[in-house]
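K.L.:
no FASTA, just this:
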């Protein structure tokens, strides 16, 4: 058992914090620490840096994804640019550095590279002796995840393990566990019971869409494309905390989208995503690391649409290579591709087997078990 554990993430998108929450829940389930603190590192940076680091990312995702992709690729050069980046991050994370020195945890579990970089530097300078575990939250490990001072890396795939070994990470310090997701996604829940519970028809193809990830401009086009399905279907459109988005989709559903074949169910913020995924057959959207891992745990076939250049494109590559997804490059063909897939029974069964092989629903448990050895 640990005396004190800090779980460190950064609220850049939802994935890093979701992974941190999953690890926190598993630590508590196993009574693995006397004290656990789950911290968003951006809360311990200066306001301008926090705004740029978080909001700028979201803005680029929605308005300039090609720029984000260019930045991702240009920075993916192992062990280069680290001094320049570290100097900038040190300048803007002084409150976090002060926090780490004050807390003196036994171990820091980082689900984002920003806190991992600062802890690695503090250890190199002999200012702290905190152990560090680094949890990579995408299928690939970008160069920004590479640190000199650490105890363990946790990654999603064997290929990622090999990559880290080749660029200098100690082989004995890498474990392939999958990306940590809430343990609730490992629970088996009957598809038809979940449909009944959430007011869905039992006999329709059920598709879940994370509408909030598409930006305001693309939602109408995406859902409009799904409304052209020939297969009798129901679309669960997750809007998250975006109330304006939900109101817009509610109105669109009534005035334009709903028809004899396809029904739309817009849903705002929910803590029952595992149940809604259990009720579904397919997921349509962007393959972020956490969303993808949750969908795989629930056996959902991913229909990839508009992946963010960079990490999501790489996640897409892995899903397609493993035979767990199909990709739609143009929205006008989305309904056609789904209709064609649904009637290809042998192909469907093959994809479902591939998903089962890739799924890592107990990843958080594996990580905690490894750390306790």
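P.N.:
Cool, got the structure. The structure displayed is predicted, hence computed values, not measured ones. Numbering: from 1, shown residues only.
K.L.:
In the stretch 1-150 of the chain, where is pLDDT below threshold?
P.N.:
Applying pLDDT under 70 to the stretch 1-150 of the chain flags residues 54-55.
K.L.:
Without its sequence neighbours, what residue ends up closest to the residue sitting nearest the centre point of the chain?
P.N.:
Note on the chain: the residue nearest the mean C-alpha position is residue 290, at 2.3 Å, using Cα atoms, centre = their mean. Distances taken as Cβ to Cβ, 6 or more residues apart in numbering place residue 15 nearest to residue 290, at 4.0 Å, with adjacent residues excluded. Placement of C-beta: from N, CA and C, glycine included.
K.L.:
Now do the one you found: how many residues are near it, please.
P.N.:
22 (other Cβ atoms under 10 Å).
K.L.:
Residue numbering should commence at 51 henceforth.
P.N.:
With the count now opening at 51, the last piece we talked about shows up as residue 65.
K.L.:
Check the spacing between it and residue 119 real quick.
P.N.:
Between residue 65 and residue 119 the distance is 17 Å, computed by Cβ to Cβ, to the nearest Å.
K.L.:
Same check on residue 214?
P.N.:
22 Å.
K.L.:
ok, now residue 164?
P.N.:
Taking Cβ to Cβ as the measure, residue 164 falls 20 Å from residue 119.
K.L.:
between those two, who's got more neighbours?
P.N.:
residue 164 (23 against 18).
K.L.:
wouldn't that one be in contact with residue 138 here?
P.N.:
No: judged on Cβ atoms under 8 Å, residue 164 makes no contact with residue 138 at a distance of 10.7 Å.
K.L.:
doesn't residue 358 make contact with residue 115?
P.N.:
Yes: under the criterion of Cβ under 8 Å, residue 115 is in contact with residue 358, at a separation of 5.5 Å.
K.L.:
I figured the residue nearest to the centre of the chain hits residue 235, correct?
P.N.:
No: taking contacts as Cβ under 8 Å, residue 340 lies outside contact range of residue 235: 10.1 Å.
K.L.:
Let me see the ranges of the helices in the stretch 201-350 of the chain.
P.N.:
All helices of the stretch 201-350 of the chain, identified by DSSP state H, counting those that start in this stretch, fall at 208-216, 241-247, 265-276, 293-302, 323-328, 339-347.
K.L.:
so which helix or strand takes in the closest residue to residue 342 other than its chain neighbours?
P.N.:
Nearest residue to residue 342 in three dimensions, chain neighbours excluded: residue 365, at 5.8 Å (Cβ to Cβ, 6+ apart). Residue 365 belongs to helix 361-371 when assigned by DSSP states H and E.
K.L.:
buried ones in that helix?
P.N.:
Using 16 or more other Cβ atoms under 10 Å as the test for burial, helix 361-371 gives 361-369.
K.L.:
Same question for stretch 382-398.
P.N.:
For stretch 382-398, the buried set under the neighbour-count rule, 16+ other Cβ under 10 Å, comprises 384-385, 387-388, 391-392.
K.L.:
From the centre of the chain, point out the most distant residue.
P.N.:
Outermost residue of the chain (Cα atoms, centre = their mean): residue 310, 34.2 Å.
K.L.:
What distance do you get for it to residue 254?
P.N.:
Applying Cβ to Cβ, one obtains 12 Å for the distance of residue 310 from residue 254.
K.L.:
so residue 308 touches residue 315, yeah?
P.N.:
No: the pair residue 308 / residue 315 is not scored as a contact, 9.9 Å apart, by Cβ under 8 Å.
K.L.:
When the two are compared, which one has more neighbours?
P.N.:
It is residue 315, of residue 308 and residue 315, that has more neighbours when counted by other Cβ under 10 Å, with 19 against 15.
K.L.:
Quick check: closest non-adjacent residue to the more buried one.
P.N.:
Here the residue nearest residue 315, using Cβ to Cβ, 6+ apart, is residue 286, at 5.2 Å.
K.L.:
these two touch, right, the one you found and residue 258?
P.N.:
Yes: using Cβ under 8 Å, residue 286 is in contact with residue 258, at 4.5 Å.
K.L.:
Distance check, residue 150 against residue 200.
P.N.:
Residue 150 sits 15 Å away from residue 200, going by Cβ to Cβ.
K.L.:
mind listing the strands for the stretch 101-250 of the chain?
P.N.:
For the stretch 101-250 of the chain, the strands defined by DSSP state E, counting those that start in this stretch cover 157-160, 181-185, 202-205, 224-226.
K.L.:
isn't there a strand covering residue 53?
P.N.:
Yes: looking at residue 53 with DSSP: H, G, I helix; E, B strand; the rest coil, it is inside a strand.
K.L.:
What are the phi and psi values at residue 375?
P.N.:
As for residue 375, its main-chain torsions (degrees, to the nearest 10) stand at phi -160, psi 170.
K.L.:
And whichever strand or helix holds residue 418, what's buried?
P.N.:
Remark: residue 418 resides in helix 413-422, with elements defined by DSSP H and E. Neighbour-count burial for helix 413-422 flags 413-418, 421 (criterion: 16+ other Cβ under 10 Å).
K.L.:
Could you do stretch 246-259 as well?
P.N.:
Applying 16+ other Cβ under 10 Å to stretch 246-259 flags 248, 250, 254-259 as buried.
K.L.:
And stretch 78-89, by the same measure?
P.N.:
The neighbour-count check on stretch 78-89 (16+ other Cβ under 10 Å) flags 82-83, 86, 88-89 as buried.
K.L.:
From residue 351, how far off is residue 255?
P.N.:
Residue 255 is 11 Å from residue 351, where distance means Cβ to Cβ.
K.L.:
Can you give me the distance of the closest residue to residue 235 other than its chain neighbours to residue 85?
P.N.:
Spatially, and ignoring its direct neighbours in sequence, residue 235 is nearest to residue 347 (4.2 Å; Cβ to Cβ, 6+ apart). Residue 347 is 29 Å from residue 85, where distance means Cβ to Cβ.
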